[in-house]
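Peer 1: Sequence plus the predicted model coming up.
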Amino acid sequence: MRIVLGVTGGIAAYKAAHVLRGLRERGHAVRVVPTEAALRFVGAATWEALSGEPVTTSVFEGVERVEHVRIGHEADLVVVAPATADLLARARMGLADDLLTATLLTATCPVVAAPAMHTEMWFNPATVDNVAVLRTRGWTVIEPASGRLTGADTGPGRLPEPDDIIREALAATGRSASPAERTSDSTPAGSSSRTGVSAEDRTGAHGEGEPGPLHGVEVVVSAGGTREPLDPVRFLGNRSSGKQGAALAAAAAHAGARTTLVAANVDSGVLAELPGTVAVDEVSTTAELEAACTSHASTADVLIMAAAVADYRPAETATHKMKKSGDDLTIALVENPDILRGLVEARDAGRSRTGQILVGFAAETGSPDKPADVLAQEKLLRKGCDLLVFNDVSGDRAFGTDDNSVIVYRPGPGGAEEVARSDGSKADVSNDVIAAVAAERSR
């Protein structure tokens, strides 16, 4: 996620550095937006070093990028820690007299505030009223902890511990905790098949807080690349590693879904990193992938077809290893079935779950007469699926890497229309795709 961490001028500002580090360690990008007073407690150099992002307090810096609007627009989450009584009052009034308050006014994502102040300030009727109003506007205002305050004072008003703030913040977004915090859910390394996971054990691993956006939804994801045997040794295949599909399965599970990954020749190391709640159905050929997906489609609410499927297979498979003969070898190929189109037809004919969402993938390089994105949009309309995730794989992009760049399309009145765009790690891309799936189900 893209997270804004607002820091205000209180002695507890030093704890925000631990919040920042914890969010970064969980894989999130964090932009720190302090107030001028906050920089008197912790300097800009510390925030920049820990976040890897520029730090400013003024709406008059980065004007050419319209920073005072852009930062809030692009945020998936805003966390203010510590949130002083002054900040809560200014936010309640809708002031925009510095970069942080301007960001709060332009943000449409969840906002989580962790107050820190003296006990008398926290219980003052003005603060009580400000907090109540902000909560009615959708803010999550965490109750402060009780303990030692500035000087000799003790009582309610202490900033909660960084891990508690992070947990509350992630719960407010419908996202889950970090992979490290889910180790109890993981299968031991080297064990790649979890086809025996029960339905009860596969209830979504969203973690603490409200249920995820796909809570209770049955999601099936295909991943990897199919292989068509030429003989007992050789095969026709492709360069798909299955990393993106596995990341999608993990994201679906973290969003609360009961998730199955149909894995076509996915490396065991990739499978071992999946949450333990994800069931794995391992296949190899296109025919096996089709059979598995067709079987799962009878009960699946969402099918995400991320596997790279071989379009052709050998007309005949040699029973023995083919030897060199000194002559050129000609191999006859026959076309494989169109699995995605078949799933769409089955759904539309009532042979699978009513209201099922089908998501296709288009890994395109472009052609001499059409760019890659146009080919992807044509594929969406030709296949008849609900969403299509397009990625440009020209120039050794996407296959086998840990990052990706995609555009998500859906059918619209005038053709394909863009609904999401994501660029980053495959885990980040997966979270954005799953968010698009959840939005499509709501639609």
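Peer 2: Structure's in. What do you need? Residues are numbered from 1 along each chain as shown.
Peer 1: Identify the residues contacting residue 382.
Peer 2: residue 341 (C-beta atoms under 8 Å, 6 or more residues apart in numbering). (Glycine included, C-beta is placed from N, CA and C.)
Peer 1: buried set for the strand or helix carrying it?
Peer 2: According to DSSP states H and E, residue 382 maps onto helix 372-383. For helix 372-383, the neighbour count (16 or more other C-beta atoms under 10 Å) marks 372, 373, 375, 376, 377, 379, 380, 383 as buried.
Peer 1: likewise stretch 237-245?
Peer 2: Buried, per 16+ other C-beta under 10 Å, within stretch 237-245: 237, 238, 240, 241, 242, 243, 244, 245.
Peer 1: just to revisit the earlier point, and the helix or strand following the helix holding residue 382 with helix 372-383, angle?
Peer 2: The C-terminal neighbour of helix 372-383 among helices and strands, as given by DSSP H and E, is strand 387-392. Here strand 387-392 runs at an angle of 150 degrees relative to helix 372-383 (axes from the mean of the first three to the mean of the last three C-alpha atoms, to 10 degrees).
Peer 1: So which other helices or strands are in contact with strand 387-392?
Peer 2: strand 357-364, helix 372-383, strand 403-412, helix 426-442 (3 or more C-beta pairs under 8 Å, 6 or more residues apart in numbering; DSSP states H and E).
Peer 1: Enumerate the positions of the third one that are buried.
Peer 2: Think strand 403-412. For strand 403-412, by 16+ other C-beta under 10 Å, it's 404, 406, 407, 408, 409, 410, 411.
Peer 1: I'd like the average pLDDT over that strand.
Peer 2: In this model, strand 403-412 has a mean pLDDT of 91.
Peer 1: Just the C-alphas of that strand, formatted as CSV.
Peer 2: Extracted in CSV, the C-alpha atoms of strand 403-412 (Å, rounded to 0.1, in the frame of the first residue of the first chain):
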residue,chain,number,x,y,z
ASP,A,403,7.8,-6.9,-9.9
ASN,A,404,5.2,-6.3,-12.5
SER,A,405,3.2,-3.5,-14.1
VAL,A,406,-0.4,-4.1,-15.1
ILE,A,407,-3.6,-2.5,-16.3
VAL,A,408,-7.0,-3.9,-15.4
TYR,A,409,-9.8,-3.6,-17.9
ARG,A,410,-13.5,-4.4,-17.8
PRO,A,411,-16.1,-4.3,-20.6
GLY,A,412,-17.7,-0.9,-21.0
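Peer 1: Dump the helix holding residue 382 to PDB, restricted to CA.
Peer 2: C-alpha atoms of helix 372-383 as PDB (Å, rounded to 0.1, in the frame of the first residue of the first chain):
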ATOM      1  CA  ALA A 372       0.100  -4.500 -26.700                       C
ATOM      2  CA  ASP A 373      -2.600  -2.800 -24.800                       C
ATOM      3  CA  VAL A 374      -4.900  -2.800 -27.900                       C
ATOM      4  CA  LEU A 375      -4.400  -6.600 -28.200                       C
ATOM      5  CA  ALA A 376      -5.300  -7.000 -24.600                       C
ATOM      6  CA  GLN A 377      -8.500  -5.000 -24.900                       C
ATOM      7  CA  GLU A 378      -9.500  -7.000 -27.900                       C
ATOM      8  CA  LYS A 379      -8.900 -10.200 -25.900                       C
ATOM      9  CA  LEU A 380     -11.100  -9.000 -23.100                       C
ATOM     10  CA  LEU A 381     -14.000  -8.500 -25.500                       C
ATOM     11  CA  ARG A 382     -13.300 -11.700 -27.400                       C
ATOM     12  CA  LYS A 383     -13.200 -13.900 -24.300                       C
END
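Peer 1: could you give the angle of that helix to strand 357-364?
Peer 2: Using the same axes, to 10 degrees: helix 372-383 against strand 357-364 is 140 degrees.
Peer 1: Next, the angle from helix 372-383 to strand 403-412.
Peer 2: If you take the same axes, to 10 degrees, helix 372-383 sits at 50 degrees to strand 403-412.
Peer 1: how far does helix 372-383 sit from the chain's center?
Peer 2: Remark: helix 372-383 is offset 24 Å from the chain centroid, using C-alpha atoms, centre = their mean, to the nearest Å.
Peer 1: Closest one of the buried residues of stretch 237-245 to residue 311?
Peer 2: Closest to residue 311 out of these is residue 238 (9.7 Å), distances taken as C-beta to C-beta.
Peer 1: Who are the contact partners of that closest one?
Peer 2: With C-beta under 8 Å, 6+ apart, residue 238 has these contacts: 225, 226, 308, 310.
Peer 1: burial of residue 342, as a residue count?
Peer 2: 14 (other C-beta atoms under 10 Å).
Peer 1: Got phi/psi on it?
Peer 2: Dihedral pair for residue 342: phi -60, psi -40, per degrees, to the nearest 10.
Peer 1: With residue 312 as the reference, measure out to it.
Peer 2: 17 Å (C-beta to C-beta, to the nearest Å).
Peer 1: go on, residue 390?
Peer 2: 22 Å.
Peer 1: Neighbour count for the two, which is higher?
Peer 2: residue 390 (26 against 14).
Peer 1: Quick check: beta-bridge partners of that one?
Peer 2: Beta bridges link residue 390 to residue 362, residue 407 when assigned by DSSP bridges.
Peer 1: My guess is it contacts residue 373. True?
Peer 2: Yes - here residue 390 reaches residue 373: they are 6.2 Å apart, a contact under C-beta atoms under 8 Å.
Peer 1: hey, what's in contact with both of those two?
Peer 2: Common neighbours of residue 390 and residue 373 (C-beta under 8 Å, 6+ apart) are 364, 407.
Peer 1: what stretches of the stretch 201-350 of the chain score poorly on pLDDT?
Peer 2: 201-211 (pLDDT under 70).
Peer 1: all helices for it, in order.
Peer 2: Here the stretch 201-350 of the chain has its helices, by DSSP state H, counting those that start in this stretch, at 243-254, 268-272, 286-297, 339-348.
Peer 1: Pick the most deeply packed of those.
Peer 2: helix 243-254 (a mean of 30; mean count of other C-beta atoms under 10 Å).
Peer 1: could you give the angle of that helix to strand 357-364?
Peer 2: Using the same axes, to 10 degrees: helix 243-254 against strand 357-364 is 160 degrees.
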